[in-house]
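# Need coordinates for the following:
(4 chains)
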2 protein chains.
Amino acid sequence: MQRSHELVISHVEAALAAGELRVGSRLPAERVLAATLGVSRATVREGLRVLEAMGLVRIGVGSGPAAGAVVAADTAAGLSAALRLHLASTALPVRDVVRTRVMLESWSVRGAAAAGPSPALDEAAELLTRSERRGIEPAEFYALDTEFHLALTRAAGNAVVTAMMAALRGAIAGYVQREQRQWTRLVGRLRTEHRAVLEAVTTGDADLAARRVMAHIEGFYRQTLR
Amino acid sequence: MQRSHELVISHVEAALAAGELRVGSRLPAERVLAATLGVSRATVREGLRVLEAMGLVRIGVGSGPAAGAVVAADTAAGLSAALRLHLASTALPVRDVVRTRVMLESWSVRGAAAAGPSPALDEAAELLTRSERRGIEPAEFYALDTEFHLALTRAAGNAVVTAMMAALRGAIAGYVQREQRQWTRLVGRLRTEHRAVLEAVTTGDADLAARRVMAHIEGFYRQTLR
DNA sequence: CTCCAAGCTATGGTCTGACCACAGGGGGTG
DNA sequence: CACCCCCTGTGGTCAGACCATAGCTTGGAG
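Predicted coordinates:
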């Protein structure tokens, strides 16, 4: 840690590790933090920007409890941003992101099937039902689809995997072709496959769930990746 | 994108996506970028800080080709920083990081075993040999250990998984107890296990390689995680 | 007494300008 | 010809100012 703005980051990190800050805690105002650390406000802001990009704090303007830098737990934000940027630079190929998603998600449904009933699984079922509403708009369907897959992942009980899954989805969201000629047919197929995956998970058939989710994801990207 | 510093990020991202910037390219000087985008230099710096934290650029002072912001491909840096910070905030439990590492690495050795010989595998073998030098210092051994595991992961041929593996290791490095009472015994065991994993991979036995690497990692963290 | 609107205040958002630190390159000097 | 010093371009940091926002307070109208 030589550069001053890293002082801000390590200061916050240390306070978190020491338990002086928790999720929901509010950081001192920028001007106060600058005086405390003996650096300029511009420097403090550089550090806060990084923490914000990592999803560790949420920064609000104005006054009141929502203003200022509040410690958050957006575990996917930083991962997602990093993946997205390196996808743009082609340092990471989209193909590998998709394959990684297949791995993470098949691992997750195996874990979820083995773990048995859970609130996350109930939530997945409810999201699936909501996504089956007639005349649903593509945007809403995709949002529910994302939430469904994330709930399924959460059911495996690993927060790091869940964060990575969310990050992967976020990173390639911009590469997915939203305009589909055969929207009705596509959405019908996705619903059927979702039902099949959820069914395999709830009956505890890990192998079947993994096979189904792999086929589901690979099929989806084959059709929609541009 | 409302905040000005995000303009900087999206500008660089767009230039990357359009192929105007590549890994190794040099960004304009901060003052130039500020004038180009119609924002202040302080704002440009906030954006560059984020890009730097994500491992997308490397910023050097002074003059010459190494000075300024150069597009890099440190795909693990941002992921690692994000994981580390959320570990500090306890939003992510260390346990889940270890389990995720087990998953990623067992997947990797399966892939490596199936893929057959590769430069990455040769590198892993060479690193392992170097780690078997007599009288090696713990710091050097751990460095070679990290490189060995990463080379093994690279052999699976998925850049995203490789980046995640590197990030996971980086994030929990601070939690690993470096001072060991029975150093000689530990290092001996690690070497034996490394040999066994590599042997299973080179002979193409994916299942065996996966089992061995799982036992290796779990055993290591059971002993060294504080 | 109640309610609402205007002003107050704390906070981040942004800009300007300045000066320092660093490193490479070129020109002057021995 | 070789070497050293200074010049120049670059990031690093600071100080101070002003604007934008949003909750809170206060005073007046009803």
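
# With chain B as the reference, measure out to the most centrally placed residue in chain A.
Geometric centre of chain A, nearest residue: residue A:166, 2.3 Å, by C-alpha atoms, centre = their mean. Going from residue A:166 to chain B by C-beta to the nearest C-beta, to the nearest Å gives 12 Å. Backbone N, C-alpha and C define where each C-beta goes, glycine included.

# same check, this time on residue A:8
From residue A:8 to chain B the distance is 11 Å (C-beta to the nearest C-beta).

# Let's verify that residue: helix, strand, or coil?
Following DSSP: H, G, I helix; E, B strand; the rest coil, we place residue A:8 in the helix state.

# What of residue A:55?
Of the three states, residue A:55 takes coil under three-state DSSP.

# and the lengthiest helix in chain A with chain B, contact?
Criterion DSSP state H: the longest helix present in chain A is helix A:94-115. Yes - using C-beta under 8 Å from any C-beta of the partner chain, helix A:94-115 reaches chain B at A:96-97, A:99-100, A:103, A:107.

# burial measure for the nearest residue to residue A:109 once chain neighbours are set aside, as a count.
In this structure, residue A:109 finds its nearest non-sequential neighbour in residue A:209, 4.1 Å apart by C-beta to C-beta, 6 or more residues apart in numbering or on different chains. Using other C-beta atoms under 10 Å in any protein chain shown, residue A:209 is surrounded by 28 other residues.

# Ok, the one 3 residues further on next?
Other residues within reach of residue A:212 by the criterion other C-beta under 10 Å amount to 22.

# residues in contact with it?
Residues near residue A:212 by C-beta atoms under 8 Å, 6 or more residues apart in numbering or on different chains: A:109, A:193, A:196-197, A:200.

# Quick check: the gap between it and residue A:131.
17 Å (C-beta to C-beta, to the nearest Å).

# Helix, strand or coil: sort out residue A:21 for me.
Applying three-state DSSP: residue A:21 is coil.

# Do I have it right that it meets residue A:70?
No - using C-beta atoms under 8 Å as the test, residue A:21 is too far from residue A:70 to be in contact (10.1 Å).

# if we can go back for a sec, could you rank the residues of helix A:94-115 next to chain B by neighbour count and give me the top one?
residue A:97 leads the residues of helix A:94-115 next to chain B on contacts (other C-beta under 10 Å) with 26 neighbours.

# For that residue, give me its contacts.
Residue A:97 touches A:83, A:87, A:168, A:171-172, B:160, counting by C-beta under 8 Å, 6+ apart.

# Return the per-residue confidence for it.
Looking at residue A:97, its pLDDT reads 96.

# Distance from the chain centre to stretch A:155-167, please.
Its chain's C-alpha centre and that of stretch A:155-167 lie 8 Å apart, by C-alpha atoms, centre = their mean, to the nearest Å.

# Touching that stretch from outside, list them.
A:75-76, A:79-80, A:82-83, A:100-101, A:104-105, A:107-112, A:115, A:118, A:120-121, A:124, A:149-150, A:153-154, A:201, B:83, B:86, B:91-93, B:96-97, B:99-100, B:103, B:164, B:168.

# which among those residues end up buried?
Those of these that meet the buried threshold are A:75-76, A:79-80, A:82-83, A:100-101, A:104-105, A:107-112, A:115, A:120-121, A:124, A:149-150, A:153-154, A:201, B:83, B:86, B:91-92, B:96-97, B:99-100, B:103, B:164, B:168, by 16 or more other C-beta atoms under 10 Å in any protein chain shown.

# returning to what we had before: show me whatever sits in contact with both of residue A:21 and residue A:70.
residue A:27.

# where exactly do the helices run in chain A?
In chain A, the segments counted as helices under DSSP H are A:4-17, A:30-37, A:41-53, A:75-88, A:94-115, A:119-130, A:138-154, A:159-172, A:183-202, A:206-224.

# Give me whichever of those helices is most buried.
Most buried of the helices of chain A, by mean neighbour count (mean count of other C-beta atoms under 10 Å in any protein chain shown): helix A:75-88, with a mean of 26.

# For DNA strand D, give me its nearest residue in chain A.
residue A:62 (2.0 Å; C-beta to the nearest atom of the strand).

# Around DNA strand D, pick out the residues from chain A.
Within chain A, the positions lying close to DNA strand D (C-beta under 7 Å from any atom of the strand) are A:2-5, A:38-43, A:46, A:60-67.

# out of those residues, who's near chain B?
A:5, A:42, A:46.

# Nearest to DNA strand C, out of those: which one, please.
The shortest approach to DNA strand C among those belongs to residue A:42, at 5.8 Å (C-beta to the nearest atom of the strand).

# excluding its backbone neighbours, what's nearest the closest one?
residue B:42 is the one closest to residue A:42 (C-beta to C-beta, 6+ apart), at 5.4 Å.

# State the distance from that neighbour to residue A:106.
46 Å.

# Likewise for residue A:8?
For residue A:8, the distance to residue A:106 equals 40 Å [C-beta to C-beta].

# And for residue A:93?
Separation of residue A:93 from residue A:106 (C-beta to C-beta): 20 Å.
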